[in-house]
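Asks: below is the sequence, then the predicted model.
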Amino acid sequence: MNTLMKNVEFSKVLNLKELVSYQEGQVISRTLAQTPNANITLFSLDRNEGISKHITAGDAMVQILDGTAEITIDNNTFTVKAGESIIMPSNIPHSLQACERFKMLLTVIKH
């Protein structure tokens, strides 16, 4: 069977928060899909961990599954909590910081 999704069970109800665990002092990721035009990845970040400022070739949607993140897009900082989402436009610098530990689903769609 040739599938685009990986690292998850098919035809089963999934709780995304349970598919990635917290590790003290670390950023953990689990890729669910990766093609030339799209990436879907689960992340967990321990408190005070972050992803430094960078740009992506595609629009990136962050969906916070647990906890709270501080997300900076260009020079604007947003506090995003569990159940909330934000879109980071392509080619605009952005970064993420864990105010408290958090889990997110990141979907990047490339142009």
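Replies: Right, received. Where do you want to start?
Asks: helices of the chain, residue ranges please.
Replies: Under the criterion DSSP state H, the chain carries no helices.
Asks: quote the end-to-end distance of stretch 43-51.
Replies: Terminal residues of stretch 43-51 lie 11 Å apart, using Cα to Cα, to the nearest Å.
Asks: where are the low-confidence patches of the protein?
Replies: Low-confidence regions of the chain, defined by pLDDT under 70, span residues 1-2.
Asks: which stretches in it count as strands?
Replies: Here the chain has its strands, by DSSP state E, at 27-34, 38-45, 50-54, 58-66, 68-73, 76-81, 85-88, 94-98, 102-110.
Asks: so which residues make contact with the first one?
Replies: Outside strand 27-34, the residues within contact range by Cβ atoms under 8 Å, 6 or more residues apart in numbering are 4-8, 19-22, 39-46, 49-51. In this view, the C-beta of every residue, glycine as well, is placed from N, C-alpha and C.
Asks: buried set for that strand?
Replies: Buried residues in strand 27-34, defined by neighbour count with 16 or more other Cβ atoms under 10 Å: 30, 32.
Asks: please export the C-alpha coordinates of that strand as PDB.
Replies: Taking C-alpha atoms only, strand 27-34 is exported to PDB below (Å, rounded to 0.1, in the frame of the first residue of the first chain):
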ATOM      1  CA  VAL A  27      11.700  19.700  21.200                       C
ATOM      2  CA  ILE A  28      10.200  16.500  19.900                       C
ATOM      3  CA  SER A  29       8.700  16.100  16.400                       C
ATOM      4  CA  ARG A  30       6.800  13.300  14.600                       C
ATOM      5  CA  THR A  31       6.300  13.700  10.900                       C
ATOM      6  CA  LEU A  32       2.800  12.500   9.700                       C
ATOM      7  CA  ALA A  33       3.100  13.400   6.000                       C
ATOM      8  CA  GLN A  34       5.900  14.900   3.800                       C
END
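Asks: so that strand versus strand 38-45, what angle?
Replies: Calculated by axes from the mean of the first three to the mean of the last three Cα atoms, to 10 degrees, strand 27-34 forms an angle of 160 degrees with strand 38-45.
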